[in-house]
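>>> sequence isn't available, so here's the structure alone:
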């Protein structure tokens with residue numbers, strides 16, 4: 001086990017209420033990325049990661065996040081059917097963090113921060129993004145535990161899959 005300092009830029013209460021995480025070094029990077037929001041960005045800033053996913057193997061990492069989301073959709077549907085937003089909350093936060101990673105990585109950039117203002121400002125600069133991403137992201141970051149946020153996040157996952165296909169094509173032609 002290793003204690004990893006969470007950079008101040010990622011210490012936002014939506015994603016982390018602690019200043020460091022304890023990670024099992026024997027687990028693979030993708031497992032850690034599924035468990036800890038913005039794992040690769042945090043590991044990179046701590047000098048622990050090799051080549052970051054926004055520089056290579058982008059498609060594989062995005063596929064892993066989409067798979068995680070699709071595996072947890074039935075559970076989230078059940079939570080929202082029962083109106084149990086507390087049970088859904090950790091999965092919503094992790095799903096949002098994974099989606100943010102996909103959004104920035106498909107643009108070959110790391111997630112810059114977990115601060116809403118910076119995320120929204122930086123999302124404006126992205127070439128590959130869903131329509132009205134800034135407004136939608138603003139809503140999700142302000143109200144991460146609302147049913148409408150869940151519906152919005154579901155839709156954004158669907159849209160990012162389509163945008164990633166276009167981004168992948170443009171990366172392959174460069």
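Happy to help now that I have it. Just so it is clear, the structure is predicted and the values come from calculations on it, not from any experiment. Numbers count the residues shown, from 1 in each chain.

>>> could you chop the protein up by domain?
2-45, 58-172 (automatic domain parsing).

>>> dump those to JSON lines, plus mean neighbour count, distance to residue 52 and mean pLDDT.
Every residue, glycine included, has its C-beta placed from N, CA and C. Putting those into JSON lines (neighbours: other CB atoms under 10 Å; distance: least, CB to CB, whole Å; pLDDT from 0 to 100) gives the following:
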{"stretch": "domain 2-45", "mean neighbour count": "16", "distance to residue 52": "5", "mean pLDDT": "92"}
{"stretch": "domain 58-172", "mean neighbour count": "17", "distance to residue 52": "6", "mean pLDDT": "92"}
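
>>> so what does the helix or strand hosting residue 151 touch, helix or strand wise?
Using DSSP states H and E, residue 151 falls within helix 147-172. Applying 3 or more CB pairs under 8 Å, 6 or more residues apart in numbering; DSSP states H and E, one finds that helix 147-172 makes contact with helix 58-81, helix 85-105, helix 133-142.

>>> how near is residue 5 to residue 45?
9 Å (CB to CB, to the nearest Å).

>>> and if you look at residue 27?
Residue 27 sits 19 Å away from residue 45, going by CB to CB.

>>> what does residue 11 give?
12 Å.

>>> same thing with residue 90?
Distance from residue 90 to residue 45, by CB to CB: 23 Å.

>>> residue contacts, the residue nearest the centre of the chain?
Nearest to the mean C-alpha position of the chain, by CA atoms, centre = their mean, lies residue 98 at 2.2 Å. Residues in contact with residue 98, defined by CB atoms under 8 Å, 6 or more residues apart in numbering, are 34, 37, 65, 68, 69.

>>> what do you get for residue 87?
So residue 87 contacts residue 79 (CB under 8 Å, 6+ apart).

>>> ok, now with 10 Å
By CB atoms under 10 Å, 6 or more residues apart in numbering, residue 87 lies in contact with 75, 76, 78, 79, 80.

>>> any idea how far residue 79 is from it?
From residue 87 to residue 79 the distance is 5 Å (CB to CB).

>>> try residue 134
27 Å.

>>> just checking, residue 14 touches residue 137?
No. If you go by CB atoms under 10 Å, residue 14 and residue 137 don't touch, sitting 11.7 Å apart.
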